[in-house]
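J.: using only what follows, build the 3D model:
(2 chains)
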Amino acid sequence: MAKVKPSNDDPTRYPALGRSLLFLEKKENVDRVVYGLYILCAGLFVADFIYYKHVYLGIEEFPGFYALYGFVMCAMLVICAKAMRLVLKRPESYYAPDDVESEDYPEEQLERVDNDG
Amino acid sequence: MAEGFPIAFLFFAGAALLFALPKGKARAALLLAVPIIAGLMVWSLPEGNLWSARLIGIELEFMRVDRLSRIFALIFTLAAFLGNLYAWHVKDTVQQVAALVYAGSAIGAVFAGDLITLFLYWEGTAIASVFLIWARRTEGAYHTGMRYLIVQIGSGVLLLAGAALYHRETGSLEFQAMTLGSLGTWLIFIAFGIKCAFPLLHNWLQDAYPAATVTGTVILSAFTTKLAVYSLARGFPGTEILVYIGAIMTLFPIFYAVIENDLRRVLAYSLNNQLGFMVVGVGIGTELSLNGTASHAFAHILYKALLFMSVGAVLFRTGTAKGSELGGLYKTMPLTMIFCVVGAASISAFPLFSGFISKSLILSAATHDGYYVVWAILLFASAGVFHHSGIKIPYFAFFAHDSGLRPKEAPTHMLLAMGITAFLCIAIGAFPAPLYAILPYEVDYVPYTTTHVVTQLQLLFFSALAFTVLMRTGIYPPELKSVNLDADWTYRRFLPDLIGRLSGLIARFWGAKMRFWLRRRDQIVSRLFQEYGPEGRVAQSITTGSMVLWIAVFLGITLIVNFVS
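T.: Numbers count the residues shown, from 1 in each chain, chains lettered A, B, ... in the order given. Predicted coordinates for the structure are as follows:
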């Protein structure tokens, strides 16, 4: 299937649900989603101080433990994984020439749709 | 139908009946009818040993029904139904027969009351499932299938050897809780461990699942590994080593999942990680933790199938499942995207989704029993699984950069299968009571407490925050066309290389030895030739004529002696 971005793409031909999500095309809307996430995170962090935390372990009582643990460990996970890539990454044909290729898909299954305007 | 009739046979009969039907809708309908009938039968089965047979002097228990086997059989029939609905369009007889025989074998194994019956079905799952990989009919899939088959059959052989030794030690073949110690039990343990994808024995999973057909992977994801989890829960509950094995299993696959490009392989890694949670539950061995294992297996089969279905639908429509090739598909496949997000939320254990009410049982059991480090690892793994399965899969497939692909929405039957599965994921998450009611033990656990909900949301949203920050700062590793070395490197590269080098070395040594002896032979021959050849020293003094003369003289003497005497 063509990998280049269709030049004369007509969004009105997308499914209605897809069209309703097209606001994500605009960068400022993506930024809004991200700011929403920031606010949500801040709110969840603060929430730790305003309810009685019923926990088993001492470490869980630390304010924002779950938030910090989640953030730090995930950042570490990605950075470690990125470092692992330096050692472990190989070309796709490393084991055999057609090792990871999929079969030719029957054209009728792809049911190409023409979104051109 | 007689009560206690082995449900596996129903699937085998269905597979045989398939050939009598014309290709198309009738066959697809049969593929749906068999799991429905089986599911209703499982639901109404009484407990006890319901069906046994004698074979070469061994009593085989085909239908040992109790709460543990029933819940696994139930989810297996449900998974078979959903998988077959997803595969409604498939006309390939090989795949249809394989799907039925595979599901039947897995259900048969779950009901097996003795180790020999277990072995028979154990091998049944191996042999049936490999055809779901070979059905892709590519060279890569053929070789992958071969590797998969060798590993799976190997596991069966170990199980049989273990069963034989166990029988010699105890005089019993009953499949019951065992204690690790003797060679027999260790062999059985390792056989289960291979199928359960223990660390270093795991690579068949990541190798095979992305290599199967679109629908084959959905079916594969449900049975083999969860059968192994069931077997561990039945055979080795409370075996402490499993706690640590499980913890490692939750940990290392998430690193691979972050850098893997093939989204189906990412899911295979996260499947491995989820198995780790279940194995920890078996290892702790309390009623709470075993309930956790059973409920997590139940929830997991559904959301993992849902994720494989959504990525499979993308593969079906675009011809690729590589993160580097995809992106922006939400525009034309919005429903598939939504179902994928439901699966992602379920595996990440968001409140109101199924993972939330099942995984927490295992985490609670870990804290109750004092496994604090293991608990911290499981918590990290929970955050990590959200990171790579919860965010990465939907993000790179449906959002990220626009790949320019504008595929059609998934076919109706696939949407229907995904819709039902997504509904079940949410239903279980929002109303856990019916699931809790069929768990092996009485459940005394309330998942929805303020603390649990808030702490879980904190963990997940801050993981999402980490992803966002790393993505926007460009630190997040991009999806690249590549493969990553894993434990399978040992048998796909290192050992073949080693054997190649050793054989080269042996060949050189042999060649040198041969050359040495050939040279010696040549030397001896030429020396003899020098001595006795026509030009040789011996030939110079004694001529042929004198030899003939002497022969004549000796002949004459012999005649005279003969004549005189």
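J.: now for B:Ile36, how many residues are close by?
T.: Other residues lying near B:Ile36 total 14 when counted by other C-beta atoms under 10 Å in any protein chain shown. For every residue, glycine as well, the C-beta is placed using N, CA and C.
J.: what do you get for B:Leu45?
T.: B:Leu45: 21 surrounding residues under other C-beta under 10 Å.
J.: any idea which element B:Ala512 lies in?
T.: Under the assignment given by DSSP states H and E, the secondary-structure element containing B:Ala512 is helix B:495-532.
J.: pLDDT on the helix or strand just after that helix, on average?
T.: Past helix B:495-532, further along toward the C-terminus, the next helix or strand under DSSP H and E is helix B:537-541. Looking at helix B:537-541 alone, the average pLDDT works out to 72.
J.: mind listing residues that contact helix B:537-541?
T.: Outside of helix B:537-541, the residues within contact range by C-beta atoms under 8 Å, 6 or more residues apart in numbering or on different chains are B:530-533.
J.: out of those, which is nearest to chain A?
T.: B:Gln530 (57.5 Å; C-beta to the nearest C-beta).
J.: now that closest one. Nearest residue, chain neighbours left out?
T.: Leaving aside its sequence neighbours, B:Gln530 sits nearest to B:Gly536 (C-beta to C-beta, 6 or more residues apart in numbering or on different chains; 5.6 Å).
J.: so, low pLDDT: which residues of chain B?
T.: Low-confidence regions of chain B, defined here as pLDDT under 70, cover residues B:1-3, B:542.
J.: in it, which spans are strands?
T.: B:48-49, B:52-55, B:58-61, B:64-65, B:483-484 (DSSP state E).
J.: next one: stretch B:50-69 to chain centre, how far?
T.: Distance of stretch B:50-69 from its chain centroid, counting by C-alpha atoms, centre = their mean, to the nearest Å, is 25 Å.
J.: how long is it end to end?
T.: The stretch stretch B:50-69 measures 13 Å between its terminal residues, going by C-alpha to C-alpha, to the nearest Å.
J.: list the buried residues for that stretch?
T.: Burial within stretch B:50-69, assessed by neighbour count using 16 or more other C-beta atoms under 10 Å in any protein chain shown, is assigned to B:50-52, B:60-65, B:68-69.
J.: follow-up on the earlier one: neighbour count added to the contacts of helix B:537-541, as TSV?
T.: Converted to TSV, the contacts of helix B:537-541 look like this (neighbours: other C-beta atoms under 10 Å in any protein chain shown):
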residue	neighbour count
B:Gln530	12
B:Glu531	11
B:Tyr532	12
B:Gly533	12
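J.: quick check: closest non-adjacent residue to B:Asp114.
T.: Computed as C-beta to C-beta, 6+ apart, the closest residue to B:Asp114 that is not its neighbour in sequence is B:Leu173, at 4.6 Å.
J.: that neighbour reaches B:Leu118, doesn't it?
T.: No: between B:Leu173 and B:Leu118 there is no contact under C-beta atoms under 8 Å: 9.4 Å.
J.: compare those two (neighbour count), which wins?
T.: Residue environment comparison for B:Leu173 versus B:Leu118 gives the larger neighbour count to B:Leu118, 30 against 21, counting by other C-beta under 10 Å.
J.: return the helix or strand in chain A with minimum mean pLDDT.
T.: The helix or strand of chain A with the lowest confidence, counting by mean pLDDT, DSSP states H and E, is helix A:107-110 at a mean of 61.
J.: which one of the strands of chain B lies closest to chain A?
T.: Sorting those by C-beta to the nearest C-beta, the top spot, which is the nearest, belongs to strand B:483-484 at 4.4 Å.
J.: run the chain-centre distance for the closest one.
T.: For strand B:483-484, the gap between its own C-alpha mean and the chain's C-alpha mean amounts to 19 Å (C-alpha atoms, centre = their mean).
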